[in-house]
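Novice: build the 3D model from these lines:
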Amino acid sequence: MPTRGSVSIEIDATPEQAFALLTDLDVLPTFSPENQRCELIGGSTSIEVGARFRGYNKAGDYEWHADCEVTVHDLGREFAYVVPPDFEHATTWRYTIESTGDAGHPRCLVTESFDAPLLALPEIYPGRIEGRHANLEKACATTLTNLKAALEQR
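Specialist: Residues are numbered from 1 along each chain as shown. Model (predicted):
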């Protein structure tokens, strides 16, 4: 089973505008079909490398929470975190942002990707969930479509 996936979308916005929404824990869950809310934990007070946050998720009738640690925070370019931290099979979620416009017409290409080693381990949840890889890619597409709508309505 594949363990990696990604989706990209072109957005009429600056990379900094996209980055600001993707790193806002109050806003990011409003774009996702699974993530319901997030909160900083473990003494973290802002999103930066090393900060930890907890995501509360729901897919169908199944609800769970997962702790995350920010691994990349490169303003306007890249944001990444691992879930759960300190786990040998942690999933890495990454958003990369590339400017594709100019000063007269700001535009960017945003890519959401995941590297989920657990998908290749059917003896460990979520590796045994049929169609999980496709569902994650579909969720990425939904998240980015919602991000695009929010940014282009401004």
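Novice: now for the lengthiest helix in the chain, which elements pack on it?
Specialist: In the chain, assigned by DSSP state H, the helix with the most residues is helix 132-152. On a contact count with 3 or more C-beta pairs under 8 Å, 6 or more residues apart in numbering; DSSP states H and E, helix 132-152 meets strand 4-11, helix 15-22, helix 28-31, strand 108-115. Placement of C-beta: from N, CA and C, glycine included.
Novice: how distant is the third one from the center of its chain?
Specialist: What it means is helix 28-31. 9 Å (C-alpha atoms, centre = their mean, to the nearest Å).
Novice: cool, and the second one?
Specialist: Its chain's C-alpha centre lies 12 Å from the corresponding centre of helix 15-22 when counted by C-alpha atoms, centre = their mean.
Novice: name the residues that touch the longest helix of the chain?
Specialist: With C-beta atoms under 8 Å, 6 or more residues apart in numbering as the test, helix 132-152 has contacts from 1-3, 5-9, 11-13, 17-18, 21-22, 27, 30-34, 59, 110, 112-114, 116, 119, 126, 129.
Novice: ok, stretch 49-62 next?
Specialist: Contacts of stretch 49-62 (C-beta under 8 Å, 6+ apart): 25, 29, 33-42, 44-45, 47, 63-73, 81, 83, 85, 135.
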